[in-house]
Each structure stands twice: as structure tokens, then as C-alpha cells.
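Colleague: Make a model of this:
(4 chains)
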Number of protein chains: 2
Amino acid sequence: MVQKKRPTLYDVAKQANVSIATVSNVLNNKDEASEETIQRVNEVIKQIGYSRNESARSLKRGESKLIGLIVPDNNPFFTEILDGIQQECEYYDWQVVVANSEESEKRQNQLIELLSAQQVSGIILAPVSETLSTTKIKANAPIVLIDREVENVKLPVIKADNVDGCYKATRKLLQNGHKRIGLILASPGISTTVQRKQGYVEALTSQNIQIDEELIQFGGNNTGTKAQIDGGYQAVIRMMNLSSPPTAIFATNHLLMIGALKAIKEQNLSIPKDISFIGFDDHPWQEISSPKLTIVSQPAFEMGRQAIHALHKLKSKDEIITTSLPLKLVIRESCGTA
Amino acid sequence: MVQKKRPTLYDVAKQANVSIATVSNVLNNKDEASEETIQRVNEVIKQIGYSRNESARSLKRGESKLIGLIVPDNNPFFTEILDGIQQECEYYDWQVVVANSEESEKRQNQLIELLSAQQVSGIILAPVSETLSTTKIKANAPIVLIDREVENVKLPVIKADNVDGCYKATRKLLQNGHKRIGLILASPGISTTVQRKQGYVEALTSQNIQIDEELIQFGGNNTGTKAQIDGGYQAVIRMMNLSSPPTAIFATNHLLMIGALKAIKEQNLSIPKDISFIGFDDHPWQEISSPKLTIVSQPAFEMGRQAIHALHKLKSKDEIITTSLPLKLVIRESCGTA
DNA sequence: CTCCTTTACTTAAACGTTTAAGTAAGTACT
DNA sequence: AGTACTTACTTAAACGTTTAAGTAAAGGAG
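Modeller: Next up is the predicted model:
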């Protein structure tokens, strides 16, 4: 694979009869060259097809034009976040390196290292654990947390208002007369789980309904699409086997929801006649599901955008922005009355 | 944002009482140091937490440990490809920069430039147009095409066997007695569209059935999820308004399929009783759709893996690998008899 | 006319690696 | 003992930028 050598500042400088410093100044709009020279240099650049060697620049500057994104998996929620990040990065002329921690803290910390070694300008991190080892947050790039928070760590975080979103969903079911509402949660160790449970609990207690721990099932101790779906499936099976099964179910993430719906279908229960249902995350296929599902919808794209925004503020003004974006309850056809 | 300066080779060298060259050799397993020195250097590295400045290395080597992935959008198919790419990159110690061309050739070529400037070791490209401008394939990084091919370009390409896959799907419908089969295609300008149409045409002509161009509808001239879904929707509407509407429909990508199903539902047609249906791409939610859909399934993850493999072969042996992976027809419940 | 400032540059060092070339000591062979 | 090879290093240059410091010429103020 023979690759032509890319032209350098020297090539441009020679052709334009100036020093490399001048070319560099022109490239960086330093306004220290005459209009005429700027013109000439730019012409040569275009003519010989010069573009900057970013490795050299990064070396000198101590910072590349890359930002890192670390997600625990590539599910559609994080893909939508990536979308938002990419759009916003365009403005800052950043490129995104995506890495997958696979819900492993060890891997996550390796990735922070690897990205730091690339001299990334910043890292957007959806952390896997509740506690980020303090050694690691000294990574040599600024970090913004997304989706999930960690305790005792002073970092910007862009998250959804899980408590409120799940409060609203649960209240909706309560308003429809449900008293026994099954809650399906993901892994206990992450902040979103804690907060989603909290919203559920607050809604019930505000109506003086006792919490029945049997109705709260964790379905996401394992990683991987299949495992998560199965977690949701098993959670429903367990609930429906209770002496007094729920009349409504709230699944608090997308994969859990799919598994839950599968179990409901297999049990020959019809939504919303036999059981009411609220799911999580809106996706195109829901337009054709029947019944159309009432869901809690997350502003994933916007979260991505805001994360970049927060990263920029952190870098330029040392400002720590923490944003909690509202969750929307999209009411469709899956909630009946008890 | 005060960042501690990262330790360099010098820091390691000083502490270990050797020259930076020796440290470098140890780091790169050059086997030119005594066992004792290797030990000592490695200890110092761990102790002071040294890790290589990849910008400096890239500058010297003329190549970074990054590879670029350019996709036309972030739909789940490409996300699964990314998954495969990431898994395989682990082995080569590469990281992935993902960029979105938004189906724009201009943007795509900009991105090739930008990635080249990052000194990427290679680029995996799902090209937007049938013809890649020849100037551009001279990018200073080796390129492997994925999913789509372009004419007259000698590059490795990892694709699905679209002709065969769509032949099989169409034949299935023919075997079930359907004679008027509606085909919904994406944008005419990409190779996958051409090939999927070809598979359909071959299946029909092998049964001596005349092609009715009215039954071949393009739904994907526009970019964006909504637009694609709408394209599938409109395609069905147009078909069903024909004097002699189809008795079966084959939608050749995921978003088109969702739109098509939406239209079918709105027309109060029931699958497979009133109309038979074959879709594209398998995703978790299909487990809970009713009826369960017969679909053509793409090995996206494997395509990602193979792309990295092909890239490596291209770089190390200058070998141009072209792979056409089989498409699988997953038969479920959406095909009835005519 | 002299001095000062501004403009439009140039020079050269530095960023942190890799690597070719050099070296000094030890071992092996004749 | 002399030569040749091996081992285990070191030295120094180079990769392509950015940028602080320097400079020469022109313009303006007094």
C-alpha cells in the first residue's frame, strides 16, 4: 500500500516564498500577515492539497481535536446520544472516538487511559459504576458524565430527570386506578436505577400506598442485549406468579420492556384489557406496534448536544454545568383502568 | 481546568537510569534490553503512571492507532457494524473515530480529509455515491468499503450478498403463489438498491413472470429516519392504489419496512391474511410484533469484523479482499398463500 | 532627522516519540 | 593475542507543527 507523502508546511512555505511560521499563522488566522500573503499562501495550500498533520499539532498543543465517548453498550439510546454529540462537535471542529466499556469498570478505566493517551480534548462518559475511582478522574482530559451520575465526584453531568419522569408514569397508572404496579428495574448499581425507583416510590407514597418489594424486580444484572431482554422477561414471570399479581407494569428501560412484553404476550394477557403497561424510550417501530405503547421518552439527542456544550464550558471557563433534562410521558394506548 | 502534566519518556528514563531510547525499546518489546533493565523500566512506568503520548508516536510513525468509520447515518444496522468493528479493533489495539456523512458526498469527502489529517491507519467507508471521485480515493489512508460498493474502484469491499438474499425472499413469495409482488427500494443511486432489485427481478424472470415497473417503488430518496419511514409508507399507498394491487410486499430496508407496515395497518389489511410481507433486518422488538415478521437478515456484526480484517490484510500484505456475506431469510409468520 | 511604533515577516526551539548509527564491554573462535 | 560477533546499551536526528523572540522596513510624531 504505497501512500503518497502528504505535503507539509515546508512544501507550502517554499512554494509561497514565505517561512513556515507565516504559513502556520495564516492557517490559524493569526492576522499577522498581509492580505496579499494570505491570498498567496491559501492558493498554494489549495493547489498542492495541503492539510494539517493533526498529530504534529496535537503534540505541540498537548491536545488533539478528538473527544472520547465511552458508553456501556451500543444500544439505540446511546446511539442517539452519539448523534447529538456528533452534530454539536461539528461546530467545535471535533471528531468523536467511541469506545465501549461493556459495563466493566476495569475496561472503562483502561479506556479513559487510552483516550488520554490520544490527547483527547475531553471525554464524555456514561460511567458503569456508582463510584468512580478517584485516581481515575485525574485523567488528563476533562470529563463530562452523561446519563448516569456518580457519588462524591465534582464533574459536570448531563442526565434525565429520572425521578420526575418515573413519578409521572407511576402517577398515571395510579390515576387509572391501579394499586399494584410492578416495577422492572435494570442493574441496582447505577444511578438511573436508583432514581427511577425513587420516582416510583414517591408516587406510591404520595397516595399512601405501601411499597411491596415483591413488585420491584431487577432484570438487568447482566450485560448484553439478550440478557437484558431475558431479565425483563423473567421479571414479569416472577411478578405474575405472585399470589396477588400486579394489574400494571412499568418497565424502566427499552430492553427490559421488550422482554416484559414478550412475557406478557406469552401469558396470553392482553394490553390494556388484562394488564396496563408503560415502557421506556421511543423508537420508530412503536408506530406500528399494537397497542401503541405509552412510554417514558428520553431526550437522548439533546443530552448528547448538551454534553458537548458542558464540556466546552468546562474547558473554557472551568464551569461545572449540571443539567437534568425533563422526561416526557407519551400517552398512547397501553394504559387501561384497573 | 488544571491538568497535571503527563510523564514522558524522559521521566521514566531518569528514574530508571537509562536513556529514553532504551525505555522506548522496552515499551515496544524490541528485545534489546537485559531482563533486568526491562523489569526496572516497567516498574518505573507503573510507578509513575507513564503512558505513551500517542500524538508524538503518530507524528514519528506517520500513522496513528485510530481508524475511521464513515457511515451515511446512525441507524441500527451501522451501529451493529460498529460493534463488530470495535470488537475486532481490540485485537489490533485500534480505536474508532466515527463520522456521519449524512448521505452527502461532499461531507463524505471532507470526512476522508479530516480523518487523513488525523493520520488514521485506515478508513472503513460506507460510500454515499455509486462513484467515488478518483481524486478522493488517493486519501492518505487505506480504505475498505462496507455494505455498498462503487464502480471502477479497486478497493476491498465487505458486503452482503444482496442479489441472492433478495432472490430467496422473492422466491419464497412466489412459492406461496404470489404473482404480483410489490418491491420497495431505497435510493436508486446506491449499489445495495441495484442489487436488491436484481435479486427480485431474477426470481420473477426465473418463473417467467413479467416485471411490472409499477410494482417497484423507490421510497428512499431522502435522508433521515422520518423521511425514510414516510418513503416506505407512501410506496405502499401508491401500490395499493393500482388497478391491480400486489398480494405481497417486500420492503428492502428496515425503515422502509416500518413505513410500509404502518401503511398496511392503516389500510386495515391484515398480514398474512390479506397481504403477505417480507421485511429487512432483524431487531429485538420483532420478537414481540404480531404477526412475527419474515425478514431478510444481514450479518452486520460480522461485516464489521471482516472489514477490520480486510483492512489489516490490505495494510500488511497489500491484499484486496472482497467478501460477500450471505443474507439469511428468516421465515416467520408474515407470508401467506396468494 | 531621530525615535518610537507598527507591520510583516523570519529564526529557532520545543512538543515526545522512534530509530538509525554509534560504542563499549564481554564472549567465542582461530 | 587478535579478530569478529553479540549484547546492551547511548546519542542524536527526525517527524510537522506552534510560538516566543527577534528583525528589518515603513510610517508617524515631535
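Colleague: what secondary structure does whichever residue of the stretch 101-250 of chain A sits closest to DNA strand D sit in?
Modeller: Across the stretch 101-250 of chain A, no residue is closer to DNA strand D than A:Gln119, which sits at 12.2 Å (C-beta to the nearest atom of the strand). Heads up, the C-betas are built off the backbone N, CA and C, glycines and all. On the three-state scheme (DSSP: H, G, I helix; E, B strand; the rest coil), A:Gln119 is labelled coil.
Colleague: Check the burial of A:Leu185 by counting its neighbours.
Modeller: Residues contacting A:Leu185 under the criterion other C-beta atoms under 10 Å in any protein chain shown number 25.
Colleague: wait, is it part of a helix?
Modeller: No. Read with three-state DSSP, A:Leu185 is strand and lies in no helix.
Colleague: my guess is A:Tyr167 meets A:Val201, correct?
Modeller: No. If you go by C-beta atoms under 8 Å, A:Tyr167 and A:Val201 don't touch, sitting 9.0 Å apart.
Colleague: ok, back up a step: not counting its neighbours along the chain, what's nearest the residue of the stretch 101-250 of chain A closest to DNA strand D?
Modeller: Counting by C-beta to C-beta, 6 or more residues apart in numbering or on different chains, A:Gln119 lies nearest to A:Ser64, which is 4.4 Å off, once chain neighbours are set aside.
Colleague: measure A:Pro76 to DNA strand D for me?
Modeller: Distance of A:Pro76 to DNA strand D, given as C-beta to the nearest atom of the strand, to the nearest Å: 38 Å.
Colleague: tell me the contacts of the nearest residue in space to A:His283 that is not next to it in sequence?
Modeller: Closest residue in space to A:His283, ignoring its immediate chain neighbours: A:Pro76 at 6.2 Å, by C-beta to C-beta, 6+ apart. By C-beta atoms under 8 Å, 6 or more residues apart in numbering or on different chains, A:Pro76 lies in contact with A:254, A:281, A:283, B:76, B:79.
Colleague: how close does the closest residue to A:Gly279 other than its chain neighbours get to B:Gln198?
Modeller: In space, and not counting its chain neighbours, A:Gly279 is closest to A:Met257: 3.8 Å by C-beta to C-beta, 6+ apart. As judged by C-beta to C-beta, to the nearest Å, A:Met257 and B:Gln198 stand 39 Å apart.
Colleague: State whether A:Ile85 and A:Gln306 are indeed in contact, as I suppose.
Modeller: No. Using C-beta under 8 Å, A:Ile85 is not in contact with A:Gln306; the gap is 9.7 Å.
Colleague: more crowded one of the two?
Modeller: The residue with more neighbours, out of A:Ile85 and A:Gln306, is A:Ile85; 27 against 22, by other C-beta under 10 Å.
Colleague: measure the closest residue to that one other than its chain neighbours to chain B for me?
Modeller: If the residues on either side of it in the chain are set aside, A:Ile85 comes closest to A:Gly304, at 4.0 Å by C-beta to C-beta, 6+ apart. Counting by C-beta to the nearest C-beta, to the nearest Å, the gap from A:Gly304 to chain B is 11 Å.
Colleague: ok, now which ones touch A:Gly304?
Modeller: A:80-88, A:124, A:146.
Colleague: which element is it on?
Modeller: Take DSSP states H and E as the rule and A:Gly304 turns out to sit in helix A:300-317.
Colleague: got the buried residues for that helix?
Modeller: Neighbour counts over helix A:300-317 (16 or more other C-beta atoms under 10 Å in any protein chain shown) mark A:300-312, A:314-315 as buried.
Colleague: any idea which of the residues you listed is closest to B:Leu293?
Modeller: A:Ala300 (25.9 Å; C-beta to C-beta).
Colleague: I'd guessed that closest one sits against A:Ile81; true?
Modeller: Yes. Between A:Ala300 and A:Ile81 there is a contact at 5.0 Å, judged by C-beta under 8 Å.
Colleague: Next secondary structure after the helix or strand of chain A with the lowest mean pLDDT?
Modeller: Using mean pLDDT, DSSP states H and E, strand A:216-220 stands out as the lowest-scoring helix or strand of chain A, at a mean of 91. Sequence-wise, the next helix or strand downstream of strand A:216-220 (DSSP H and E) is helix A:225-240.
Colleague: List the buried residues in that next one.
Modeller: Buried residues in helix A:225-240, defined by neighbour count with 16+ other C-beta under 10 Å: A:228-240.
Colleague: Is stretch A:143-152 positioned near chain B?
Modeller: No. Judged by C-beta under 8 Å from any C-beta of the partner chain, stretch A:143-152 and chain B are separated, with a smallest distance of 10.2 Å.
Colleague: Sorry, slip of the keys, the one I care about is stretch A:48-60.
Modeller: Yes. Contact of stretch A:48-60 with chain B (C-beta under 8 Å from any C-beta) involves A:51-56, A:58-59.
Colleague: Report the entries of those residues that also contact DNA strand D.
Modeller: By C-beta under 7 Å from any atom of the strand, the members of those lying near DNA strand D are A:52-53, A:56, A:59.
Colleague: May I see those organised as JSON lines, with pLDDT added?
Modeller: Shown next, in JSON lines, are those (pLDDT from 0 to 100):
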{"residue": "A:Arg52", "pLDDT": "97"}
{"residue": "A:Asn53", "pLDDT": "98"}
{"residue": "A:Ala56", "pLDDT": "98"}
{"residue": "A:Leu59", "pLDDT": "98"}
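Colleague: quick check, nearest of those residues to DNA strand C?
Modeller: Distance to DNA strand C, by C-beta to the nearest atom of the strand, is smallest for A:Leu59 among those, at 4.3 Å.
Colleague: so how many other residues sit close to the closest one?
Modeller: Neighbour tally, A:Leu59, other C-beta under 10 Å: 20.
Colleague: before we move on, back to that, buried subset of the contacts of A:Gly304 as a ChimeraX selection?
Modeller: To isolate the buried members of those in ChimeraX, using 16+ other C-beta under 10 Å:
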select /A:80,81,82,83,84,85,86,88,124,146
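Colleague: Max pairwise distance over the contacts of A:Gly304: which two?
Modeller: Taking every pair in those and measuring C-beta to C-beta, the maximum separation is 14.9 Å, between A:Gln87 and A:Ile146.
Colleague: one step back: A:Met257 and B:Gln198: which has the busier surroundings?
Modeller: Under the neighbour definition other C-beta under 10 Å, A:Met257 and B:Gln198 were set side by side, and A:Met257 has more, 28 against 15.
Colleague: residues contacting the more buried one?
Modeller: A:184, A:232, A:251, A:279-281, A:293, A:295.
Colleague: Let's have those residues in a markdown table, adding distance to DNA strand C.
Modeller: Output for these, formatted as a markdown table (distance: C-beta to the nearest atom of the strand, whole Å):
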| residue | distance to DNA strand C |
| --- | --- |
| A:Ile184 | 48 |
| A:Gly232 | 46 |
| A:Ala251 | 48 |
| A:Gly279 | 49 |
| A:Phe280 | 44 |
| A:Asp281 | 42 |
| A:Leu293 | 52 |
| A:Ile295 | 49 |
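Colleague: Tell me which entries of those lie within helices.
Modeller: Mapping the contacts of A:Met257 onto helices (DSSP state H) picks out A:Gly232.
Colleague: among the contacts of A:Met257, which are within reach of DNA strand D?
Modeller: Of the contacts of A:Met257, not one also sits near DNA strand D (C-beta under 7 Å from any atom of the strand).
Colleague: Now render the contacts of A:Met257 as JSON lines, adding pLDDT.
Modeller: Supplementary listing: these in JSON lines, determined by pLDDT from 0 to 100:
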{"residue": "A:Ile184", "pLDDT": "98"}
{"residue": "A:Gly232", "pLDDT": "97"}
{"residue": "A:Ala251", "pLDDT": "98"}
{"residue": "A:Gly279", "pLDDT": "98"}
{"residue": "A:Phe280", "pLDDT": "97"}
{"residue": "A:Asp281", "pLDDT": "97"}
{"residue": "A:Leu293", "pLDDT": "97"}
{"residue": "A:Ile295", "pLDDT": "98"}
